[in-house]
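Participant: Could you work out the structure for the sequence below:
(chains A and B)
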There are 2 protein chains.
Amino acid sequence: MDKELSLEQMQSELQAMGERAVAASRELAVMSAADKTRCLEAMAAALEARREEIKAANGLDMKNGAAAGLSAALLDRLRLDDVRIDGMARGLREVAAQEDPVGRVLSRTVRPNGLEIEKISVPLGVIAIIYESRPNVTSDAAGICLKAGNCCILRGGREAFHSNSVIARILNQAACDCGLPDGAVQLLPWTERTAVNLMLKMHQYIDLVIPRGGEGLIRAVMAESTIPVIKHYKGVCHLYIAPDCEIEMAVNLVENAKCQRPSACNALETLLVDRAVAPKFLPPFLERMRQRKVELRGDEAFLAYAPEARAATEEDYYAEYLDYILTVKLVDGLSEAVRHINHYGSKHSDGIVCTSPELADAFFARVDSAALYWNASTRFTDGGEFGMGAEIGISTDKIHARGPMGADELTSYKYLVRGHGQIRV
Amino acid sequence: MDKELSLEQMQSELQAMGERAVAASRELAVMSAADKTRCLEAMAAALEARREEIKAANGLDMKNGAAAGLSAALLDRLRLDDVRIDGMARGLREVAAQEDPVGRVLSRTVRPNGLEIEKISVPLGVIAIIYESRPNVTSDAAGICLKAGNCCILRGGREAFHSNSVIARILNQAACDCGLPDGAVQLLPWTERTAVNLMLKMHQYIDLVIPRGGEGLIRAVMAESTIPVIKHYKGVCHLYIAPDCEIEMAVNLVENAKCQRPSACNALETLLVDRAVAPKFLPPFLERMRQRKVELRGDEAFLAYAPEARAATEEDYYAEYLDYILTVKLVDGLSEAVRHINHYGSKHSDGIVCTSPELADAFFARVDSAALYWNASTRFTDGGEFGMGAEIGISTDKIHARGPMGADELTSYKYLVRGHGQIRV
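Facilitator: Below is the predicted model of the structure:
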């Protein structure tokens, strides 16, 4: 941000970063699980020991942010105090304590010619992570990448640049002190879009790009990148209330999925109510939504039940509100519900509330989303809730990894073939 | 090819193709394994029954190809006779007989709150395959896609356009007769680059692109595509002859890896000989290469042993010759061999010939390639040899699938979560 560089200089510095990352990743790939654990613990300790540096850099970001007129909510996200620094260190120790995702034997076969073929998990190599939000992502992302034997090149939000730079420097230094070459954790030293776009062409150094942020960021990355991208896209999540549901359970699930944390990507955005159960379900549902002050939008059939609701537009069905707003649509049976979800949804998290296991199975088979729920809140789509430990995010892609991505999902595999002179005939 | 279309018309026809493919993929995803098997067998029978149509279309391609001055080798690849049509049908029946890759339970856990989380394999959806070579790829690719529950949009070589069109039409019709909606197997009806480039932006319909062909094709696809791409890139494969190798085995492995089918991507291109074993290994090796008429190129140290060889250039170390040509370099120990392979190789298939299992393990840990060999020929990197059944190709990527890709690798997964009213607190 502070440097004025020509495109050529930027390109040559980026190339040097790429080479450092690849060289460090080769060493990291052969590091023992115990040594990686020690390295992550050393990184946690370094954040704690050097917290004054972090707070000083963060103070600068806060000052610039206030001067630039950032909202109180954004300034709060940006702030790093002792509690949050302790949280970052705790996060790294939790990742350190997880099982090692590298070197798992995924399959082993002996072929008729005696060749022994073993498929084992290996690190991906170098991962670029582009994010917009809180500076603690810098430490979370670096930790989970390193756990899976990967080096990372990070690009955080412009407003957190000084905080991110100090955190990345501390983590990289701690990795060096544990015997890794310089370059295990690097932060892009510029916040210009040009630098990101140059980085997105560096497929000779970077194995994967993970953009985390709004739709605009993800579309921009997709348009520029020649490196594989795993998208962590929006969550337009649905519940379908089937005719045979338990009414009280259904109302509770809708309330939880919508209201427990509306800003989460796994929060409910559109409710599909079967016309057959509408007269029984809607009155207690409307009562609950009034209590929770949820703004309702809906189709004409729903408006007949809910005078307080306003008519939903086509955009409402695509909308990720991230707020106390819910669209409600009455549908005729499972088929219409499935069609709606597959058309308007974002392949994230969708559920059915019903008694019949056969109906739930039909829903599971026909809805094309990462996580499907039968009689449970969509809010459970989360690495921690799924028992994966730390997560880097929730993939809405179908390639490589789908749904919550933990350290396991940041690995690839290779085949080790052992013979005694076999030739192909 | 025969149609003159405006860009808008092309775009709207492409969109219709995308919509048909998605609609068909939704039906295919819920088709039972037995029904898919029947469908693949019906496709095989249809190719056999309608072989005269195929041969007529192929005759047109052959005539055009001869008029355009295609080489005898290219014309031979293009030719479809009864033997080759039988081969296509047999390929489809073999795929039909394989185990169903969809619906495999990949993991199942019960969380402390009682949620049951099941991870199962599902089809990817719609796959685009871009290829240059023989028209039988049309049938092989469609079959393996359909086995994994995927619809495909194919784009074959311009010179095989009429053959490919007829084959795709026959397969799609057979799928329709088995109850699938129109669109399970589609071929791009134009061969212009414009059409491919428009297709490569259709990420709302297509889940994965697999380009199979030369480096130029793959780079062009990477540059244009906003859809995830799995690259089936070149094979610059190595063997490292370690000091403790069995000389006779080493010579046999080199001969097989280089000469058994030099045009294959898993054929040997560069041989790394440890300086310590050079005096013992090189004389019998050179004798064998003379017998097999392999042209040798090498570094200065090698040239001292091999007066018939010419000096290798930097390009030789990157080269995929696909011919009876071999580059030889003398190296000092495992580290130099590993460094060379990771720098010049293509992450495809590389091997070590040695006696010590520890040395082999060190090689396995440090070389970053899809398939690594200890005392075996690199020629074994192949779906059939790995026991996968049919393969769509060999991925040199690390994302999603690495090495030979069979029907299993054309699946994604989803999480099915079963509860009894659980909410997140």
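
Participant: Any residues of the stretch 151-300 of chain A in contact with chain B? List them.
Facilitator: Near chain B, the residues belonging to the stretch 151-300 of chain A are A:203, A:207-208, A:222-223, A:226, A:228-230, A:246, A:249, A:252-253, A:255-256, A:260 when assessed by C-beta under 8 Å from any C-beta of the partner chain. The C-beta positions use only the backbone N, C-alpha and C, and glycine is treated the same way.

Participant: Which among these count as buried?
Facilitator: A:207-208, A:222, A:226, A:228-230, A:249, A:252-253, A:255-256, A:260 (16 or more other C-beta atoms under 10 Å in any protein chain shown).

Participant: Make TSV out of the residues you listed and add pLDDT, secondary structure and distance to A:Glu8.
Facilitator: What follows is these, written out as TSV (pLDDT from 0 to 100; DSSP: H, G, I helix; E, B strand; the rest coil; distance: C-beta to C-beta, whole Å):
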residue	pLDDT	secondary structure	distance to A:Glu8
A:Asp207	96	coil	25
A:Leu208	97	strand	27
A:Met222	89	helix	27
A:Thr226	90	coil	20
A:Pro228	93	coil	27
A:Val229	94	strand	26
A:Ile230	94	coil	31
A:Met249	98	helix	63
A:Asn252	98	helix	61
A:Leu253	98	helix	57
A:Glu255	98	helix	57
A:Asn256	98	helix	55
A:Gln260	97	coil	51
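
Participant: Among those residues, list the two that are farthest apart in space.
Facilitator: A:Thr226 and A:Met249 (48.3 Å; C-beta to C-beta).

Participant: can you give me the strands in the stretch 301-425 of chain A?
Facilitator: Under the criterion DSSP state E, counting those that start in this stretch, the stretch 301-425 of chain A carries strands at the ranges A:310-311, A:325-331, A:349-353, A:371-376, A:393-395, A:403-405, A:411-422.

Participant: List the neighbouring strands of the fourth one plus their orientation.
Facilitator: What it means is strand A:371-376. Partner strands and pairing direction for strand A:371-376 (DSSP bridges) are strand A:349-353 (parallel), strand B:411-422 (parallel).

Participant: Include distance to A:Leu322, mean pLDDT and mean neighbour count when you put those strands into a markdown table, please.
Facilitator: Below are the strands paired with strand A:371-376 laid out as a markdown table (distance: least, C-beta to C-beta, whole Å; pLDDT from 0 to 100; neighbours: other C-beta atoms under 10 Å in any protein chain shown):
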| stretch | distance to A:Leu322 | mean pLDDT | mean neighbour count |
| --- | --- | --- | --- |
| strand A:349-353 | 14 | 98 | 30 |
| strand B:411-422 | 22 | 98 | 21 |
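
Participant: Turn those into TSV, columns for distance to B:Leu92.
Facilitator: Rendered in TSV, the data for the strands paired with strand A:371-376 read as follows (distance: least, C-beta to C-beta, whole Å):
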stretch	distance to B:Leu92
strand A:349-353	35
strand B:411-422	19
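
Participant: Looking at those strands, which is nearest to A:Asn113?
Facilitator: strand B:411-422 (27.8 Å).

Participant: gap between the closest one and the chain center?
Facilitator: A distance of 32 Å separates the centroid of the chain from that of strand B:411-422, by C-alpha atoms, centre = their mean, to the nearest Å.

Participant: okay, that strand in PDB with CA atoms only?
Facilitator: Extracted in PDB, the C-alpha atoms of strand B:411-422 (Å, rounded to 0.1, in the frame of the first residue of the first chain):
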ATOM      1  CA  THR B 411     -18.300 -37.700  -8.600                       C
ATOM      2  CA  SER B 412     -18.700 -35.100  -5.800                       C
ATOM      3  CA  TYR B 413     -20.400 -35.700  -2.400                       C
ATOM      4  CA  LYS B 414     -23.000 -34.200  -0.200                       C
ATOM      5  CA  TYR B 415     -23.800 -34.400   3.500                       C
ATOM      6  CA  LEU B 416     -27.100 -35.900   4.600                       C
ATOM      7  CA  VAL B 417     -28.000 -34.800   8.100                       C
ATOM      8  CA  ARG B 418     -30.700 -36.600  10.000                       C
ATOM      9  CA  GLY B 419     -32.100 -35.100  13.200                       C
ATOM     10  CA  HIS B 420     -35.200 -35.100  15.400                       C
ATOM     11  CA  GLY B 421     -35.600 -31.300  15.900                       C
ATOM     12  CA  GLN B 422     -32.100 -30.300  16.800                       C
END
